[in-house]
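Engineer: sequence-free structure coming up:
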């Protein structure tokens, strides 16, 4: 089991990590001091559970939960007293539980046990008879076709899983198993490949290309493109363009 612990206060973060390690000594626990650090970790590793503090610098817990919506199945919020209304808002991003500071040992254990149970139930649905497995494979292929046709639109895993009539979390697990990478990574790589083609074969502006491959904000597109390729879109266009 892999857990991502996101908390900007070092003492609190270390204390929570220590408790989790006593509950589940075999778990891998990665730490992040803020949302941006957490996203970098999520880009390179897959996590089953995320423990997220609400109040953090650079990117708050609400923004992080939204970014991790399609990447981490079980998300648990940690916050100070009086911020419950803020946490309720996070439920739309798949937050499954809420813990108050100072974090109570038993409440933390209960929340983690609930997450483990949810993950176990999700995994159990992946063991299917042959006929069901064939149907599932067909649905994943249908999903891939849908993504290919609609990558320029503001689609996400909710959109695609509903399109192929699959449970959101089951779709997430099976998609990664069949495709080899998670949904977010697949969509990002597809968009970047389409962008590279446009940059090298058209005279479109960066803003036009960003929009054409599904990015409403060309600055976000440029940042993602450079992260994936090592160069900016403009530099790529200059070097590879017509």
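Structural biologist: Done, it's in. Everything numeric here is computed off the predicted structure, so don't read it as measured data.
Engineer: how about the strands of the protein, start to end?
Structural biologist: In the chain, the strands defined using DSSP state E lie at 2-6, 28-32, 49-53, 74-79, 95-100.
Engineer: which of those sits most buried?
Structural biologist: strand 49-53 (a mean of 27; mean count of other CB atoms under 10 Å). For glycine as for every other residue, the C-beta is placed from the backbone atoms N, C-alpha and C.
Engineer: count of residues packed around the residue nearest to residue 192 when sequence neighbours are not counted?
Structural biologist: Counting by CB to CB, 6 or more residues apart in numbering, residue 228 is the residue found nearest to residue 192 once chain neighbours are left out, at 4.8 Å. The tally of other residues near residue 228 (other CB atoms under 10 Å) stands at 16.
Engineer: what about residue 228, distance to residue 163?
Structural biologist: 26 Å (CB to CB, to the nearest Å).
Engineer: Then residue 152?
Structural biologist: 16 Å.
Engineer: With residue 145 instead?
Structural biologist: Where residue 163 is concerned, residue 145 sits at a distance of 10 Å (CB to CB).
Engineer: what does residue 22 give?
Structural biologist: Applying CB to CB to residue 22 and residue 163 gives a distance of 43 Å.
Engineer: picking up where we left off before, I figured the residue nearest to residue 192 was touching residue 191, is that so?
Structural biologist: No. Using CB atoms under 8 Å, residue 228 is not in contact with residue 191; the gap is 9.3 Å.
Engineer: Low-confidence bits of this structure, can you list those?
Structural biologist: Scanning the chain for pLDDT under 70 picks out 81-88, 90, 123-133, 241-242.
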